[in-house]
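J.: Mind folding the following:
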Amino acid sequence: MIPELVVPAGSFDALRAAVNNGADAVYLGGKKFNARVNAKNFYLNELKHAINYAHDQQVNVYVTVNTLVADRELSELIQYLGILDTMEVDAIIIQDLGIMKICREIYPNLKLHASTQATVYNTAGVQFLSNEGVKRVILARELSIDEIRKIKEECNTEVEVFLHGALCFSYSGQCLLSSFIGGRSANRGKCASPCRLPFSIVNRNGSSIKSKGNHVLSMKDLNLSENIDELVSANIDAVKIEGRMKRPEYVAIVTKIYRTLIDEGLRKPTSLEKRNLEAIFNREFTTNCFYGNNFSEIINCERPGNYGTKVGVVTNYDFNSKIATVNFSEDTFVGDGLEFNTISGPEGFFIKELFLKGEKIKKAPANLSVDIFLPFTPILKSFIRKTHDSIMISQARKTFQVGQQEKKYDHNDSKISINKTIGQQQLSSLLTNNKNKIRRTPKICAEVETIESLQEALRANVSEVYFGNLTKNPSKDLDQYKEAILMARENKTPISIVLPRIMKDENESKKTLTNLVEAGATKFLVGDLGVFGLVNEIGQAVYLDSSFNIFNKLTRDLLFNYTPRITLSQELHLNQIARIAGGAPGEIEYIVHGPISLMISKHCPISNIHSQKNKDFCRTNCDKSGYYLKDRKEAIYPFWCDHLSNIHIMHSKEICLIEHIPELKAAGVTVFRIRCQFHRPNNIGNLIKLYGEALSLNIGESDNYFTLASLKKKILDLSDQDLSAGKLYTGVE
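T.: Numbers count the residues shown, from 1 in each chain. Alright, predicted model coming up:
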């Protein structure tokens, strides 16, 4: 089966470029609810024109509605989806699970594709979404060809896979780094790309770890042009090019090459096609996890920007005239952009003049020495890179700027509008009407990872515990889990087992779950759809962690069909928490203290530095030395490796909300979780008692302010880290 070629269209020019160069489908976004809000995107009337334009040429249009949606936006979203329905879009791409509920009950004809932001990486996750009405799943980019093939063999659902473009360091949808250090949420379409920023790595002693560069989280670009035959052999339904932020010329060139490779028998790219993929944009290329995880070939520490192509060397430089003599390995033209190495770093400029033997020329032939004026001093014998190929760009532009220009639409003249009043009426019909609200007693839940910590929590009379040491394999440490379960039950304290957030190997994961159930586990805390699906398959109870990104009432209501308890997103403002918690049909949990995971990744910066492929060696070294990221502001971010080789990058500060417990209780939170992983066991009992005291206080009562301030001071005395209120009073836009 030949897969559909799905191409990005961040603007109307990019749409023309995609259509005219062979796209089977395009994906694009409106001005809201779109994970690339900084692309040009489309106003409503422009969107209608774009859909008509693509459909006239038998090209499908998939509209991205792939951000988390706040409750205040739901009525507008409902009307927006209705407009998309009347425009006859071929599908919408979603991250927020609440949208499935809207479409099932109001717009059943809208076809749903699950975004890679949904973090789906196994059969169980695909099957859950399929059962909820999703027709296609865009898989996580961390999968190998064998894992992709297995999913497709076991599911009837359509599957789409990325084959070219930029990569995120974190699993998509599981990154809070931009939100917490830059105030711009990736889950709301405003990622500031902090993984492209410089970081150093230090060990537990504060010593820096030497690397090739300081961009230790910056991923190379994905390029599967030489592997497309293997990818298609997995019988997938669609292959996808990343790039809604890229220029139309990029879309034209990359689309044309992949269209040709597919149409000409899934052949390998020619040397010219390889060169052109490189020339239009690259951060160096990688096959990512296609053949497994080769850490040393995935991260590019040296620089986060475009590398261009190597086109020659500097052979001489005259300091007085500032004339460089260069020898190009390919024809180079006035108008091309070049980059030279200097002692202060790369320097680039556009060629304005070229000289051959003193004569001005427009074209420098390959393998001939020519002269060029340089306003900076290059390093002799160093490579020259071409970062802008004027001829290639000009040819690409002809594919979308030919003939009569398409009509330009002024969005102010649009007759398409959103009626929020109608949307609000429709929203009311969707929300769960919990008339017989159960009054729940607020309680403290402690998350611990050792028997010693569990003992201290139980001695402090904690109401409930979560137990799980994610750096150790539960199957190999089953006795520890048996002991923890027995200890909690003898104390008559409910206990749930914390599972890793990403469990890709389904057979091994099912074995682990079976062993834990045999050890006495009856409830599990899970952090993503894949793990949730696995636990659901064996019929065990689940609680949902904050990484489910529960952001509105509709998602709340949908997930309460499967669980009695949900943990809300750490990106929510207090007012948003109150909206979601109000009238909830189950328990609302919120993390009020402890470390917060900002990223979970399949890629390890330490392994990359050491070119290390042995996972066991890697984990042992990590545990022994202890590693931290340090940013430009000297903030320190701990990171650690779980037993499944997932890397967790933690916030530089612990969340501490003890002063705000009465407000959260008034908002409707009923389970207050304390994560105790970074605390010594002998501190845990005091921590629980202090939060218990805060929980006994009510909002607005006299002297509470002074009591809470006193409790906060005691917390500061217990903590080895700086403390933060997270997003409770800032939220995310």
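J.: Next, count neighbours for Ser344.
T.: Burial measure for Ser344: 8 neighbouring residues, criterion other CB atoms under 10 Å. For every residue, glycine as well, the C-beta is placed using N, CA and C.
J.: And the pLDDT for it?
T.: On the pLDDT scale, Ser344 is placed at 91.
J.: For it, give me phi and psi.
T.: Backbone geometry at Ser344, expressed as degrees, to the nearest 10, gives phi -100, psi 10.
J.: Please verify my assumption that Gly520 contacts Glu483.
T.: No: contact status for Gly520 versus Glu483: not in contact, 10.1 Å apart, counting by CB atoms under 8 Å.
J.: so what sits against both of the two?
T.: Here Gly520 and Glu483 share no contacting residue, scored by CB atoms under 8 Å, 6 or more residues apart in numbering.
J.: Quick check: which element contains Lys274?
T.: Here Lys274 sits within helix 271-280, counting by DSSP states H and E.
J.: Please name every helix or strand in contact with that helix.
T.: helix 248-263, strand 309-318, helix 390-397 (3 or more CB pairs under 8 Å, 6 or more residues apart in numbering; DSSP states H and E).
J.: Give me the contacts around it.
T.: Applying CB under 8 Å, 6+ apart, the contact partners of helix 271-280 are 164, 223, 225, 249-250, 253-254, 257, 260-261, 269, 285, 307-309, 386, 389, 392, 396.
J.: Make a PyMOL selection of the buried ones in those.
T.: Buried residues within those, by 16 or more other CB atoms under 10 Å, are selected in PyMOL with:
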select buried, resi 164+223+225+249+250+253+254+257+261+269+285+307+308+309+386+389+392+396
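J.: domain assignment for the chain?
T.: Domain assignment for the chain by automatic domain parsing gives 4-167+221-289, 170-218+597-650, 309-397, 441-595+653-724.
J.: For Ile299, find the nearest of these.
T.: Closest to Ile299 of the domains of the chain is domain 170-218+597-650 (CB to CB; 4.3 Å).
J.: chain center to the closest one, what's the gap?
T.: How far domain 170-218+597-650 lies from its chain's middle: 14 Å, per CA atoms, centre = their mean, to the nearest Å.
J.: contacting residues around Leu231?
T.: By CB under 8 Å, 6+ apart, the contact set of Leu231 is 3, 145, 148, 161, 163, 224, 239, 290.
J.: coming back round to it: select, out of the domains of the chain, the one closest to Asn419.
T.: Shortest distance between Asn419 and those, using CB to CB, is found for domain 4-167+221-289: 5.7 Å.
J.: Between the two ends of the closest one, how far is it?
T.: For domain 4-167+221-289, the separation between the terminal residues is 22 Å (CA to CA, to the nearest Å).
J.: Burial check on Asn704, number of neighbours?
T.: Applying other CB under 10 Å, we find 16 residues neighbouring Asn704.
J.: How about Asn205?
T.: 7.
J.: Then the one 5 residues further on?
T.: One way to gauge burial is a neighbour count; for Lys210, by other CB under 10 Å, it gives 8.
J.: Mind jotting down where the helices sit in the stretch 451-600 of the chain?
T.: 451-459, 478-490, 506-518, 529-537, 553-559, 574-581 (DSSP state H, counting those that start in this stretch).
J.: Redo those helices as TSV? Include distance to Ile102, mean neighbour count and mean pLDDT.
T.: TSV is the format used below for those (distance: least, CB to CB, whole Å; neighbours: other CB atoms under 10 Å; pLDDT from 0 to 100):
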stretch	distance to Ile102	mean neighbour count	mean pLDDT
helix 451-459	41	21	97
helix 478-490	40	17	97
helix 506-518	30	16	94
helix 529-537	19	23	93
helix 553-559	7	23	96
helix 574-581	16	20	97
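J.: Using a markdown table, lay out the ones you listed together with distance to Ile588.
T.: Below are those laid out as a markdown table (distance: least, CB to CB, whole Å):
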| stretch | distance to Ile588 |
| --- | --- |
| helix 451-459 | 22 |
| helix 478-490 | 23 |
| helix 506-518 | 26 |
| helix 529-537 | 18 |
| helix 553-559 | 8 |
| helix 574-581 | 4 |
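J.: Output the below-cut-off pLDDT ranges for the protein.
T.: Low-confidence segments of the chain (pLDDT under 70): 294-296, 403-416, 420, 433-437, 612-620, 623-624.
J.: So which residue is smack in the middle of it?
T.: The chain has Ser172 as the residue nearest its centroid, 2.2 Å off, counting by CA atoms, centre = their mean.
J.: if we can go back for a sec, which stretch among the helices and strands packed on helix 271-280 comes nearest Ser453?
T.: For Ser453, the closest of the helices and strands packed on helix 271-280 is helix 248-263, at 51.2 Å, according to CB to CB.
J.: who touches the closest one?
T.: With contacts defined as CB under 8 Å, 6+ apart, helix 248-263 is touched by 2-3, 5, 7-9, 11, 13-14, 16-18, 20-23, 163-165, 225, 228, 232, 239, 241, 243, 267-269, 273, 276-277, 280-281, 392-393, 396-397, 399-400.
J.: Could you figure out how far that helix is turned away from helix 271-280?
T.: Using axes from the mean of the first three to the mean of the last three CA atoms, to 10 degrees, the inter-axis angle of helix 248-263 relative to helix 271-280 is 150 degrees.
J.: Give me the distance from stretch 46-53 to the chain's centre.
T.: Centroid separation for stretch 46-53 versus its chain: 29 Å, with CA atoms, centre = their mean.
J.: How about it, which residues are buried there?
T.: 46-51, 53.
J.: Looking at the helices and strands packed on helix 271-280, which is nearest to Gly337?
T.: Gly337 lies closest to helix 390-397 among the helices and strands packed on helix 271-280, at 7.8 Å (CB to CB).
J.: Just give me the neighbour total for Lys633.
T.: Counted with other CB under 10 Å, residues neighbouring Lys633 total 7.
J.: cool, Asn491 as well?
T.: Neighbour number of Asn491 under other CB under 10 Å is 17.
J.: OK, contacts around it?
T.: Contacts of Asn491 by CB under 8 Å, 6+ apart are Leu458.
J.: and what of Phe169?
T.: Contacts of Phe169 (CB under 8 Å, 6+ apart): 175, 195, 217-219, 299, 599, 601, 603.
J.: Return the list of helices and strands in contact with the helix or strand hosting Ile92.
T.: Using DSSP H and E, Ile92 maps to strand 91-94. Where contact means 3+ CB pairs under 8 Å, 6+ apart, strand 91-94 is packed against strand 60-65, helix 98-105, strand 112-114, strand 134-138.
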